[in-house]
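**Q** no sequence for this one, just the structure:
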Ligand code: DOR
C-alpha cells in the first residue's frame with residue numbers, strides 16, 4: 001500500500017526554489033508540489049498530514065560530507081546510535097562518516113556492515129568513507145583501490161567517498177596512485193591536507209606555535225593535493241579549508257583549470273570562530289581542533305569564498321570526544337546539532353548569503369559531490385527527506401542536552417538563531 005504524506009502550508013526553500021506551498025510525497029518520493037495551499041488535494045488522500053501553519057521553512061534534509069562517528073572502537077566518545085540521533089536532530093538526512101575508527105574502515109565490506117546497522121536504525125542514510133590505504137598506514141592501497149581495474153558490478157561494491165582522514169598519504173608516489181585509482185572508479189577523494197612536509201616539520205622543531213606551523217602544513221598540503229589531483233585527473237575534494245591561502249588556491253584552481261573537478265568544504269566553527277575563541281576555550285584543550293581556529297582575516301576569506309562560489313559545501317567535521325580526552329588535547333568539536341543554527345546565525349542572519357544559498361551548501365551541493373542523485377532538492381522525483389526549521393527561534397547552546405555523546409561544543413553558552421523543529425522522512 002502506498003503511503004501519501006502531505007506537507008501543507010510551508011515556505012519551500014532549496015537551491016532552486018523559494019515559494020509558499022504544499023508538497024505531496026508518495027512512499028518518501030516527492031510526487032507533486034502545489035503553490036500556496038489548495039483547498040483540496042485532488043487525487044491525493046493523505047495518510048499523514050503535516051501542517052507548516054504559519055509557513056514554516058521546509059528545506060531538503062542536510063548532507064554532511066564529513067563526520068566522525070567513532071563506531072567501531074570508541075563508544076565512550078560516540079556510538080552509531082548516538083551519532084545517528086545527533087545527525088537526525090541536527091536536520092541531517094545523509095552523513096558520510098570518516099574511516100578513523102578502530103578497526104579502520106578500509107574495506108567496502110566494513111563500510112557496508114556499518115551502513116546496514118545505520119539503515120536498521122532508520123534515522124539517516126549513512127555512507128562510511130573508506131580509507132585510501134590499508135589500515136590507514138600509508139603503505140599499501142586499500143582493497144577497493146587495488147581492485148580499481150576489475151569490473152565492478154553494483155554501487156554497493158564501492159564507497160561514495162575515499163579519505164585518509166586526518167593525514168594525506170605522505171609518499172607522493174603512493175598518493176598519486178591512490179588518486180589515479182580513485183579517478184578510474186570516479187569516486188571523490190576527500191583530502192585533509194595537514195601533511196606539511198619538511199617546512200612544517202622545521203617550524204614545529206623550531207618551537208613555533210601551532211598556529212604558525214599548522215598554517216604551513218595546510219597550505220603546503222593543499223598545494224600538493226591540487227598538483228597531484230590534477231596529474232591524476234581525479235575528483236578532488238579539500239576538507240575543512242581554513243586558511244585564506246587555501247581558499248585562494250582552490251579559487252585559482254577552479255578558474256585556471258576549468259575541467260579539473262576540484263571542490264572544497266568549510267566547517268561551521270571556522271566560519272564563526274577565531275583563534276581568540278580558541279584561546280578562551282583553551283588552545284590545547286577545549287578550543288583545540290584540526291585545523292585550528294584561525295585569524296579573523298582567514299574567517300572572512302572563508303565567507304568570501306562561500307559568497308563567490310569557491311566553497312562548495314559546509315561540512316561539520318563532527319568530532320565527539322569525552323571531556324577527559326578534550327582536557328588532554330584531543331582535537332575537534334561536536335558539531336552536528338549546532339551546524340545549521342551556527343551557519344544561519346553567521347551567514348544568513350548577518351546578510352552575507354540567502355537561506356537558499358545555505359540550503360545549497362548544506363544539501364544539494366554536497367550530494368552532487370558525493371554523486372547522490374535525487375537528493376537535496378524539493379523537486380518532483382526527489383527524496384522526500386526534509387528539515388522543518390524555525391528561523392525565528394533563538395536559543396542558547398547547552399551541550400548537556402545534545403543527543404551526541406560528545407558534549408565538546410565550541411559554542412557552549414552561545415546564543416544562536418534558528419532551530420530544527422523536525423526532520424521528516
Ligand atoms: O579536529 C579534528 N578532529 N579534526 C579532524 O580532522 C579529525 C577529528 C577527530 O577525528 O577527532
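**A** Great, that's in hand. The structure displayed is predicted, hence computed values, not measured ones.
**Q** The protein against the ligand: which residues are in contact?
**A** 68, 100, 166, 192, 289-290, 317, 319, 331-332 (CB under 6 Å from any ligand atom). C-beta: built from backbone N, CA, C; applies to glycine.
**Q** Kindly reformat those residues as TSV containing neighbour count, distance to residue 172 and secondary structure.
**A** Shown next, in TSV, are the residues of the chain next to the ligand (neighbours: other CB atoms under 10 Å; distance: CB to CB, whole Å; DSSP: H, G, I helix; E, B strand; the rest coil):
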residue	neighbour count	distance to residue 172	secondary structure
68	26	27	coil
100	22	22	coil
166	17	19	coil
192	23	16	coil
289	24	27	coil
290	18	22	coil
317	27	26	coil
319	25	28	coil
331	19	26	coil
332	22	28	coil
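**Q** contacting residues for the closest residue to the ligand within the stretch 201-350 of the chain?
**A** Using CB to the nearest ligand atom, residue 332 is the residue of the stretch 201-350 of the chain that sits closest to the ligand, at 3.0 Å. Residue 332 is in contact with 68, 288-290, 317-321, 408, counting by CB atoms under 8 Å, 6 or more residues apart in numbering.
**Q** gap between the strand or helix carrying residue 95 and the chain center?
**A** If you go by DSSP states H and E, residue 95 is part of strand 92-97. Centre-to-centre, strand 92-97 and its host chain are 7 Å apart (CA atoms, centre = their mean, to the nearest Å).
**Q** Give the rounded mean pLDDT of that strand.
**A** Strand 92-97 carries an average pLDDT of 98.
**Q** Quick one: residues in contact with it.
**A** 60-69, 83-84, 87, 114, 124-129, 160-161, 336, 366-367, 370, 372, 375, 383, 385, 387, 423, 425.
**Q** which SS state does residue 213 fall under?
**A** Using DSSP: H, G, I helix; E, B strand; the rest coil, the structure places residue 213 in helix.
**Q** Wait, it touches residue 200, no?
**A** Yes. With contact defined as CB atoms under 8 Å, residue 213 and residue 200 form a contacting pair (5.0 Å).
**Q** helix or strand right after the strand holding residue 95?
**A** Using DSSP H and E, the next helix or strand after strand 92-97 towards the C-terminus is helix 108-121.
**Q** Would you mark the buried spots in that next one?
**A** By 16 or more other CB atoms under 10 Å, the buried positions in helix 108-121 come out as 108, 110-112, 114-115, 118.
**Q** follow-up on the earlier one: with pLDDT as new columns, can the contacts of residue 332 be given to me in CSV?
**A** Formatted as CSV, the contacts of residue 332 follow (pLDDT from 0 to 100):
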residue, pLDDT
68, 98
288, 96
289, 96
290, 95
317, 98
318, 98
319, 98
320, 98
321, 98
408, 98
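**Q** which residues in the stretch 51-200 of the chain form helices?
**A** For the stretch 51-200 of the chain, the helices defined by DSSP state H, counting those that start in this stretch occupy 80-89, 108-121, 143-146, 172-185, 197-205.
**Q** Any stretches of the stretch 51-200 of the chain with poor pLDDT?
**A** Counting by pLDDT under 70, the stretch 51-200 of the chain contains low-confidence ranges at 152-153, 196.
**Q** Which of the three states applies to residue 389?
**A** strand.
**Q** Can you check the pLDDT for it?
**A** 97.
**Q** and if you look at the one 4 residues further on?
**A** According to the per-residue confidence, residue 393 scores 97 in pLDDT.
**Q** So what's the residue count around the closest residue to residue 346 other than its chain neighbours?
**A** Residue nearest to residue 346 in three dimensions, not counting chain neighbours: residue 272, with 4.7 Å by CB to CB, 6 or more residues apart in numbering. Using other CB atoms under 10 Å, residue 272 has 22 other residues around it.
**Q** With residue 37 instead?
**A** By other CB under 10 Å, 16 other residues sit near residue 37.
**Q** so it sits in a helix?
**A** No. Using three-state DSSP, the assignment for residue 37 is coil, not a helix.
**Q** Now do the buried residues in stretch 230-247.
**A** For stretch 230-247, burial by neighbour count (16+ other CB under 10 Å) applies to 230, 232, 234-247.
**Q** er, stretch 370-389 actually
**A** The neighbour-count check on stretch 370-389 (16+ other CB under 10 Å) flags 370, 372, 375-379, 382-389 as buried.
**Q** With adjacent residues omitted, what lies nearest to residue 164?
**A** residue 132 (4.6 Å).
**Q** returning to that earlier point: inside strands: which ones of the buried residues of stretch 370-389?
**A** Residues of the buried residues of stretch 370-389 located in strands (DSSP state E): 386-389.
**Q** and the two most separated of those?
**A** Within those, 386 and 389 form the most distant pair, 9.4 Å apart (CB to CB).
**Q** Mutual contacts of those two, please.
**A** In the contact map built from CB under 8 Å, 6+ apart, the residues linked to both residue 386 and residue 389 are residue 59.
**Q** and the residue nearest to residue 251 when sequence neighbours are not counted, how many residues sit next to it?
**A** Of all residues not flanking residue 251 in the chain, residue 310 sits nearest, at 4.4 Å (CB to CB, 6+ apart). By other CB under 10 Å, the residues close to residue 310 number 25.
**Q** Next, residue 310: secondary structure please.
**A** Under the three-state scheme (three-state DSSP), residue 310 adopts coil.
**Q** distance of it from residue 249?
**A** Separation of residue 310 from residue 249 (CB to CB, to the nearest Å): 10 Å.
**Q** Residue 36 now?
**A** Residue 36 sits 47 Å away from residue 249, going by CB to CB.
**Q** secondary structure element for the nearest residue to residue 344 once chain neighbours are set aside?
**A** Leaving aside its chain neighbours, residue 344 sits nearest to residue 418 (4.0 Å; criterion: CB to CB, 6+ apart). Per DSSP H and E, residue 418 falls inside strand 415-424.
**Q** what lines up beside that strand in the sheet?
**A** In the sheet, strand 415-424 lines up against strand 386-396 (antiparallel) (DSSP bridges).
**Q** Residue 389 is in contact with residue 60, correct?
**A** No. The criterion here is CB under 8 Å, and residue 60 misses it with residue 389 at 11.2 Å.
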